[in-house]
Each structure stands twice: as structure tokens, then as C-alpha cells.
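Student: No sequence on hand, only this structure:
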């Protein structure tokens, strides 16, 4: 039997922080909006119908984590997804959730005699 080695606490903390980035719905919305092209903060504010301060706060968190990159042009800040792997992770979660929902739907159909 293979013995697992303990994971250093600082590594566990970094992993937890990375996953916590996706625990905020606004960050998921912003990632979705940035999936295929960069956008300026104002475009993201308009698309999310929230304040510039709120959008900027979430963009900063993802930028600091290395998920987004940022460039300035005049008075506008533009963001784009730097770490495309984040979408692979999101897709895996979505596929798992869809599978669970389909299984639940089948169970309900059985209960209803269908």
C-alpha cells in the first residue's frame, strides 16, 4: 500500500486561496465576459450592472493571483485572461454538476412513475 506524504501547510493554503477565487459569483461573471477578448473596466461595469469599485476589486484579486493580465491605455485599464487553464477547471466543475443534475432528474422521473 502506497503511503501518502503530508502536504506542507503553506502549499495547502495556496491551493485553498486559488479555489477561493472561484467561490465568488462576480468573479465567475467577469471571467466569462473576458473569456474570448480583453475588455476595459467600464465595459465590464456596464455588462455586470454593478459599480466600478466592485468590478475593480474583483479584477484586482484575480490579477494578483495571476489569472488576469492588465494593461493601461490612456485612462482605461484593460484586462484579459492570462491563465486559460481556469476555464478547464470551470468546465470540469460544470460537467460534474450537469451530470449530478441529470442523475437527480432521472431519480425524480422514477418517483413519478415515468
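Tutor: Perfect, thanks for sending it. This one's a predicted model, so the numbers in the text were calculated from it and none came from an experiment.
Student: and the end-to-end length of stretch 36-55?
Tutor: Start-to-end span of stretch 36-55 (Cα to Cα, to the nearest Å) is 18 Å.
Student: likewise stretch 70-81?
Tutor: Stretch 70-81: ends 9 Å apart by Cα to Cα.
Student: How far off centre is it?
Tutor: Offset of stretch 70-81 from its chain centre (Cα atoms, centre = their mean, to the nearest Å): 20 Å.
Student: Could you give me the buried positions within it?
Tutor: Going by neighbour count (16 or more other Cβ atoms under 10 Å), the buried part of stretch 70-81 is 77, 78, 79, 81. The C-beta positions use only the backbone N, C-alpha and C, and glycine is treated the same way.
Student: likewise stretch 27-44?
Tutor: Going by 16+ other Cβ under 10 Å, stretch 27-44 has these buried residues: 27, 29, 30, 31, 33, 34, 39, 40, 41, 43, 44.
Student: isn't the third one right up against residue 57?
Tutor: No. If you go by Cβ atoms under 8 Å, residue 30 and residue 57 don't touch, sitting 10.6 Å apart.
Student: The residue of the chain most remote from its centre and residue 102, how far apart?
Tutor: In the chain, the residue that sits farthest from the middle, by Cα atoms, centre = their mean, is residue 113; the gap is 38.8 Å. For residue 113, the distance to residue 102 equals 19 Å [Cβ to Cβ, to the nearest Å].
Student: next one: residue 92
Tutor: For residue 92 relative to residue 102 (Cβ to Cβ), the value is 16 Å.
Student: Residue ranges in this structure under the pLDDT threshold?
Tutor: Scanning the chain for pLDDT under 70 picks out 114.
Student: could you pull out the helices for it?
Tutor: 9-20, 25-33, 41-48, 52-64, 85-111 (DSSP state H).
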